[in-house]
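Novice: Provide a 3D model corresponding to the input given below.
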Amino acid sequence: MIFLTLLSAALFAFPVAVTVGVYIGIEHQRVFNGDSHFSPWNPGSNTDPGSRYSLETYCQKAYGIEPFPGRYIFNPNQWGVKNNEGELCMNITTDKTATKDSTAAGVFSVTYNYPPGPPEEPVHAFPNAKLQMNDTLPVQLSNMETLILDAVWTYGLGSVIVNDTDSASLTEAGLNANVAVDMFLASDKQKSTSTTDSDYEVMVWLGRWGNATQPIGILDGSKDTHEINGTVFDLYYGANGLGQRVFTWVADTNTTNFYGDISPLVQRLGNSTGPVPVDYMGYAAFGTEALYSVQNVTFFVPELFMDITTVE
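Specialist: Numbering: from 1, shown residues only. You can find the predicted model right below:
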């Protein structure tokens, strides 16, 4: 496992985590305990005018959020919620000095609780930071040289962020979720940007909990293995309800600090009836698939950097 990442020495993420932790707790107490002064369906603000940082809270089912014109679009993305079951809010911290050329995502956290969903549709939401590189995406696989992922994350019980992930307590509490990069690809350049019209979905899971959190095709066993910087991934694949071919690389252990080039996990899928060099990748996002948790849990991302380089 690589601990010296591209950003760890330069980012403001960890100091901010300490600064805004109390505010995150306050906002979620308002959201989940019915404070009459806070509406969960409108963005809330915890901005100190004298501070370099601002914290915004979003609880909409789906909402494209750009804290500043940069590389990432955030979304609570509660696509699987029906009848207003459960609750989710996303907190995004913005550095006011960041420029549109910033390659790092803003620090963000997500707190939620959901009841179990039907076995055929167990996922309630995929809150995420989506990579937005309009000058690069969609990219043809034959032209993609690297896909760098630099991510630090934690998961914890309750409505406040935690510094370390206690997987045993999360399992005991019955959490069902993963932490993943989600990508979509297609032979058609425009369709590759769509989560529903694309031909392929490729996921890279860095963490998972719960018996319901299983990759498509797990009953057929692992079809391939690949190691990146000490993390071993197993490949599973099959078709989803939309007819898309879904390829899921699952880390052999929950990896809360990851740095590496994950492009080989996409490039080698042509050997498994997956995307081939002439296909396009048009969507890439990092987040957590929230299936269910009967009590509040909080996913925290103090560091996220994604980059695609192309063959010159």
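
Novice: hang on, G270 in a strand?
Specialist: No. Read with DSSP: H, G, I helix; E, B strand; the rest coil, G270 is helix and lies in no strand.

Novice: begin at 38, not 1, for the rest of this chat.
Specialist: Yep, numbering from 38; the last one is G307 now.

Novice: with adjacent residues omitted, what lies nearest to it?
Specialist: Distances taken as Cβ to Cβ, 6 or more residues apart in numbering place V313 nearest to G307, at 4.4 Å, with adjacent residues excluded. In short, each C-beta sits where N, CA and C put it, glycine included.

Novice: so the one you found, which state does it fall into?
Specialist: Using three-state DSSP, the structure places V313 in coil.

Novice: bridging residues for Y296?
Specialist: D187 (DSSP bridges).

Novice: just give the number of residues close to it.
Specialist: For Y296, the count of nearby residues is 22 (other Cβ atoms under 10 Å).

Novice: check K137 too.
Specialist: K137 sits with 9 neighbouring residues when counted by other Cβ under 10 Å.

Novice: quick one: it is in a strand?
Specialist: No. Using three-state DSSP, the secondary structure at K137 is coil, not a strand.

Novice: how near is it to E103?
Specialist: K137 sits at a distance of 10 Å from E103 (criterion: Cβ to Cβ, to the nearest Å).

Novice: what of K260?
Specialist: 38 Å.

Novice: got it, and F163?
Specialist: Look at F163 and E103: by Cβ to Cβ, they are 18 Å apart.

Novice: repeat that for L256.
Specialist: Remark: distance between L256 and E103 (Cβ to Cβ) = 40 Å.

Novice: and L178, by the same measure?
Specialist: Using Cβ to Cβ, we find L178 at a distance of 27 Å from E103.

Novice: and Y95, by the same measure?
Specialist: From Y95 over to E103 the distance is 12 Å, taken as Cβ to Cβ.

Novice: could you name every residue contacting both of those two?
Specialist: Residues touching both Y95 and E103 (Cβ atoms under 8 Å, 6 or more residues apart in numbering): F111.

Novice: show me the shaky parts of the stretch 88-237 of the chain.
Specialist: By pLDDT under 70, the stretch 88-237 of the chain contains no weakly predicted segment.

Novice: go again with 80.
Specialist: Low-confidence segments of the stretch 88-237 of the chain, defined by pLDDT under 80: 88, 105-107, 133-139.

Novice: ok so, going back, pick out whichever of L178 and E103 has more residues nearby.
Specialist: Neighbour count, other Cβ under 10 Å: between L178 and E103, L178 has more, with 18 against 15.

Novice: right, I'll call it a day here.
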